[in-house]
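Q: A predicted structure for the sequence below; I have some questions about it.
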Amino acid sequence: MPAVRGDGMRGLAVFISDIRNCKSKEAEIKRINKELANIRSKFKGDKTLDGYQKKKYVCKLLFIFLLGHDIDFGHMEAVNLLSSNKYSEKQIGYLFISVLVNTNSDLIKLIIQSIKNDLSSRNPIHVNLALQCIANIGSKEMAEAFGNEIPKLLVSGDTMDVVKQSAALCLLRLFRTCQEVIPGGEWTSRIIHLLNDQHMGVVTAATSLIDALVKKNPEEYKGCVSLAVSRLSRIVTASYTDLQDYTYYFVPAPWLSVKLLRLLQNYTPPEDPGVRGRLNECLETILNKAQEPPKSKKVQHSNAKNAVLFEAISLIIHNDSEPNLLVRACNQLGQFLSNRETNLRYLALESMCLLATSEFSHEAVKKHQEVVILSMKMEKDVSVRQQAVDLLYAMCDKSNAEEIVQEMLNYLETADYSIREEMVLKVAILAEKYATDYTWYVDVILNLIRIAGDYVSEEVWYRVIQIVINRDDVQGYAAKTVFEALQAPACHENMVKVGGYVLGEFGNLIAGDQRSSPLVQFQLLHSKYHLCSPMTRALLLSTYIKFVNLFPEIKQQVQEVFRQHSNLRSADAELQQRASEYLQLSIIASTDVLATVLEEMPAFPERESSILAVLKRKKPGRVPEAAGDVKEGKGAPAPISAANHQAAVAQDGRGSPQVHNAVSGASASASASADLLGLSTPPASHPSAATASAPGHMGVLVDVLGDIYNSSTTNASGTASPTPAVNQQQNANNNYDAQGSYNPKKVSSPSSLANKLNLQLKPVEPLLEAGAQVQQLLNAECVEDYTGYVAQHLIYNVLHISDTPSMIITFIYNNVPQKLTVKLPLTINKFFEPTEMNGDAFFTRWKNLGGNQQRSQRIFKATQPMDNASTRAKLLGFGIQLLDGIDPNPENFVCAGIIHTRTQQIGCLLRLEPNKQAQMYRLTVRSSKESVSQEVCDLLAEQF
């Protein structure tokens, strides 16, 4: 420690030295506890402590508190120091109170009284200490206690300048806590006139206070404008030798200049011609000084000079009334674009974004387009590149749109991942806003998807679909272009979505060419099917049923796909339902019914741009309004609904599609000679178009089964019915949408399952009103493990569950009794509970289940593309927990789960080893029961 001099506290210095020399945390705590005990004994036992000793011990307590230890005594001694006439003792007392005393403390009244005494003192140092303490605490109680005294100190003619400075800043701090602390009326003009004070420090502090007051009540403080302009003029025209005490590296009062310029940005340009002219002269002088050679090579000089310049440019942009100043500001900023200082380039780009939105300076900004494009490509700092993108977006208009969009597309391939999504949105907005030929717009969006498909949000591809549907002249070109794009070996899923929708609606426009014949279109789309997510697959299935209507010659191939995906091959209930219903629709419905149900989507209404809204949410305050008038139809194209075979598209609040199920009157009319379900109903009783839509008329029955793998059931009405956490019970929701009598109360199990499954069906009302829906809960309890094996159906080549329970549904349709027998997809995996395990636990358990009677293994050839994402989805859908990072081979999949039955819990481990070169799988299942291992292995092997 350095030698202690003068009024230094030697005891404090020794204590700090001891703490620093401690070798361990325990030693430090021991030394602190010893010191706390000593201080406590001094405060309690020694009544003769002088001010110096109290100050020393209070400093020690403060140091201990700053080390992170709690202090629960010494507060009264600190308060006593406030009454001392010595500066050092009073300073320590105020410091302790500012840091440690809670505003709810019982001592606060004593503290407030001591502060009031110091505020009325004639010693300016004591007054400043009190003001600093008030500002440091800054509570509402302080505002209420001193709300009257501080404004008086601020405007009093007897108050010293140094106290006025502190009073202004203290009042600002209290104003931020409690805005009622500033009195109105005559106080307003007295506070405003502080801008004319002779002392520059007082003016600087008062400007900060007035700026805050103006933001709350601009009209009341409007008189500050002329005074601020006058003070700014004096500073700008002054030489650096005139304001020596407030000159910073040859720049006169830079901080005050910046504050005054910011204050003026709270108001519109002055109405008084004299004040307005004087302000313009100030701004011109600042711009002229920016062109002068620097008076110093030090960075502090350029920083201060540029700080004033950029604030002046911000005021010019805010006023937006002087074309000459706006153009000059743009030219000045253009010089900074080539400056070696990164911060200057960033600030120049940021300010030019605002200039680009002004009609006076837009053309001047466009002159720097090449430099800005170079900045976007070559800048090392990603934040500067981001600003360059923002500026290109802001300066874009009809004359340069194609060039800017193309440059942004070129850069997008190598752009930083952090800015790609924003760039995609901006390119999409610009392409639509300035498209003179919508074939160009289609090309741009498809290029966006090709280059940065992962960053293309739903709103973007929704929008291109809307434009294609709404404009007949671009539909053929869009179909041809998207067909060519889909032929690429690597095709993003968003491209598949656009391709599926466009070809499903307008594929007939290019079907005349042998290279894009109906079968080629179908095969091309289906080659992408297995690589897509369930939502995209659902869209593709809707495209396929559209193909049945557009191209009857490929009906058999499409039906074959529907058969394959209408059962266990698909782990998604929505896909099963779509495939099943589309298959029946294609088999039963007549050509007229298909043409009506699957007619082209209608045009979308024009509404606000959802893409622009997304961009504004991602970058609030950063999106220039110049490019913000894009109009679009809200909502997105959606594939035709699975249930009820008719699409009715509605939009939610974000403009995304929601598919609702409906049967239109036109559809009902077209079905006059064909029953969609093939029910034996007399032809004479079929509805007409008029009666089909009338209330009370017979609708179409839709039956929905539970999801085979997922934990929730999607029903025909579009609602989701969540299944409880898996134990030994499994719930399924059955929904009916019909009119008439029905009796879905009989559930039967094969004799082999009678003692292994307990099935209960919750009773419901036997009659349904027209258009009503009812949900019936089926509760399945697994008593003991059972076998529901999967066999290959030889006729249709589809999967079929054998030896599983079935539900018999009887109902009356147009006075004719009907009966449906429905297999329930209650395989043993429905009772899985996913189980998390670490690597050690997994392999220990794996070895323990190594007996021949506990394991089952199958080696088989892959029947579908070996895609990791698809494999993961199937395993997760099977109900078992996928354990990542456990198998030494990252290509392998390991899983764990527990099958819950009434009699026991059966642990199950699984390992799937794909061999992509040989197109083979090896599946190994180990469990504590041989029959379960075999059953799980057989069920899962058929999925790959």
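A: That came through, no problem.
Q: Give the other helices and strands that the helix or strand where residue 410 lies contacts.
A: Following DSSP states H and E, one finds residue 410 within helix 401-412. Under the contact criterion of 3 or more C-beta pairs under 8 Å, 6 or more residues apart in numbering; DSSP states H and E, helix 401-412 touches helix 369-378, helix 382-395, helix 417-433, helix 438-452. Quick note: C-beta positions are derived from backbone N, CA and C, even for glycine.
Q: Using JSON lines, please lay out those together with mean neighbour count.
A: Shown next, in JSON lines, are these (neighbours: other C-beta atoms under 10 Å):
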{"stretch": "helix 369-378", "mean neighbour count": "17"}
{"stretch": "helix 382-395", "mean neighbour count": "23"}
{"stretch": "helix 417-433", "mean neighbour count": "22"}
{"stretch": "helix 438-452", "mean neighbour count": "21"}
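Q: Same list, these, but as TSV with distance to residue 468 please.
A: As requested, those are exported to TSV (distance: least, C-beta to C-beta, whole Å):
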stretch	distance to residue 468
helix 369-378	30
helix 382-395	24
helix 417-433	12
helix 438-452	7
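Q: now these as TSV including distance to residue 15 and mean pLDDT?
A: Shown next, in TSV, are the helices and strands packed on helix 401-412 (distance: least, C-beta to C-beta, whole Å; pLDDT from 0 to 100):
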stretch	distance to residue 15	mean pLDDT
helix 369-378	57	92
helix 382-395	47	92
helix 417-433	50	90
helix 438-452	62	90
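Q: for the residue most central in space within the chain, what are its contacts?
A: What sits nearest the mean C-alpha location of the chain, by C-alpha atoms, centre = their mean, is residue 618, with 7.6 Å. Residues near residue 618 by C-beta atoms under 8 Å, 6 or more residues apart in numbering: 421, 422, 425.
Q: re earlier: looking at the helices and strands packed on helix 401-412, which is nearest to residue 202?
A: Among those, the nearest to residue 202 by C-beta to C-beta is helix 382-395 (38.0 Å).
Q: so what secondary structure elements neighbour that closest one?
A: By 3+ C-beta pairs under 8 Å, 6+ apart, helix 382-395 packs against helix 342-355, helix 362-366, helix 369-378, helix 401-412, helix 417-433.
Q: Compare the ones you listed and give me the one nearest residue 562.
A: Closest to residue 562 of these, according to C-beta to C-beta: helix 417-433, at 34.6 Å.
Q: Export that closest one to PDB, keeping only CA atoms.
A: The C-alpha trace of helix 417-433 is given here as PDB (Å, rounded to 0.1, in the frame of the first residue of the first chain):
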ATOM      1  CA  TYR A 417     -27.000 -15.500 -41.500                       C
ATOM      2  CA  SER A 418     -28.100 -12.700 -39.000                       C
ATOM      3  CA  ILE A 419     -29.400 -10.500 -41.800                       C
ATOM      4  CA  ARG A 420     -30.700 -13.000 -44.400                       C
ATOM      5  CA  GLU A 421     -34.300 -13.100 -43.200                       C
ATOM      6  CA  GLU A 422     -34.600  -9.400 -43.100                       C
ATOM      7  CA  MET A 423     -33.000  -9.200 -46.600                       C
ATOM      8  CA  VAL A 424     -35.500 -11.700 -47.900                       C
ATOM      9  CA  LEU A 425     -38.400  -9.700 -46.600                       C
ATOM     10  CA  LYS A 426     -37.100  -6.500 -48.100                       C
ATOM     11  CA  VAL A 427     -36.400  -8.100 -51.500                       C
ATOM     12  CA  ALA A 428     -39.900  -9.500 -51.600                       C
ATOM     13  CA  ILE A 429     -41.500  -6.100 -50.700                       C
ATOM     14  CA  LEU A 430     -39.400  -4.200 -53.300                       C
ATOM     15  CA  ALA A 431     -40.100  -6.800 -56.000                       C
ATOM     16  CA  GLU A 432     -43.800  -6.500 -55.600                       C
ATOM     17  CA  LYS A 433     -43.900  -2.800 -55.100                       C
END
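Q: what's next to it, contact-wise?
A: 382, 385-386, 389, 393, 396, 401, 404-405, 408-409, 411-412, 415, 440-441, 444-445, 448, 452, 455-457, 460, 463, 467, 609, 611-612, 614-615, 618-619, 627, 629-630, 632.
Q: who are the neighbours in contact with the residue in the chain sticking out farthest from the centre?
A: Residue farthest from the centre of the chain, counting by C-alpha atoms, centre = their mean, is residue 48 at 65.0 Å. For residue 48, the contact set (C-beta under 8 Å, 6+ apart) is empty.
Q: Could you list the residues in contact with stretch 298-311?
A: 248-251, 254, 257-258, 261-262, 286-287, 289-290, 294-295, 332, 341, 344, 347, 351.
Q: make it 6 Å
A: With contacts defined as C-beta atoms under 6 Å, 6 or more residues apart in numbering, stretch 298-311 is touched by 248, 249, 250, 251, 254, 257, 258, 261, 290, 347.
Q: again, but for stretch 458-473
A: So stretch 458-473 is contacted by 428, 438, 445, 474-475, 478, 494, 497-498, 501, 601, 603-604, 610-611, 614, 632-633, 636-637 (C-beta under 6 Å, 6+ apart).
Q: Filter the residues you listed down to just the ones in helices.
A: Using DSSP state H, 428, 438, 445, 475, 478, 494, 497, 498, 501, 610, 611, 614 are the members of those that sit in helices.
Q: Can you list the low-confidence ranges for the chain?
A: Applying pLDDT under 70 to the chain picks out residues 1-8, 103-105, 240-242, 567-570, 607-609, 619-754, 770-771, 788-804.
Q: can you give me the strands for the stretch 701-850 of the chain?
A: 712-714, 720-722, 729-737, 740-748, 757-761, 767-768, 773-782, 790-792, 799-801, 806-813, 816-823, 832-834 (DSSP state E, counting those that start in this stretch).
Q: quick one: strands adjacent to the longest one?
A: If I follow you right, that is strand 773-782. strand 729-737 (antiparallel), strand 757-761 (antiparallel) (DSSP bridges).
Q: can you pull the buried residues of that strand?
A: 774, 775, 776, 778, 780, 781, 782 (16 or more other C-beta atoms under 10 Å).
Q: returning to what we had before: so which of the contacts of residue 618 would you say is closest to residue 223?
A: Nearest to residue 223 out of the contacts of residue 618 is residue 422 (C-beta to C-beta; 43.2 Å).
Q: how close does the closest one get to residue 615?
A: Using C-beta to C-beta, to the nearest Å, residue 422 is found at 7 Å from residue 615.
Q: try residue 218
A: 31 Å.
Q: Among these two, which residue is more densely surrounded?
A: The residue with more neighbours, out of residue 218 and residue 615, is residue 615; 25 against 14, by other C-beta atoms under 10 Å.
Q: after the helix or strand containing residue 260, next one along is what?
A: Assessed by DSSP H and E, residue 260 sits inside helix 254-264. Following helix 254-264 in sequence order, the next helix or strand is helix 273-291 (DSSP H and E).
Q: For that next one, buried residues please.
A: So for helix 273-291, counting by 16+ other C-beta under 10 Å, buried means 275, 276, 278, 279, 280, 282, 283, 284, 286, 287, 290.
Q: Find the pair from those with maximum spatial separation.
A: Across these, the longest distance by C-beta to C-beta is 23.3 Å; it joins 275 and 290.
Q: Determine the three-state secondary structure at residue 897.
A: When classified by DSSP: H, G, I helix; E, B strand; the rest coil, residue 897 comes out as strand.
Q: picking that back up, let's have the contacts of residue 618 in JSON lines, adding distance to residue 145.
A: As requested, these are arranged in JSON lines below (distance: C-beta to C-beta, whole Å):
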{"residue": "421", "distance to residue 145": "52"}
{"residue": "422", "distance to residue 145": "50"}
{"residue": "425", "distance to residue 145": "52"}
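Q: Now flag whichever of those is closest to residue 881.
A: residue 421 (32.1 Å).
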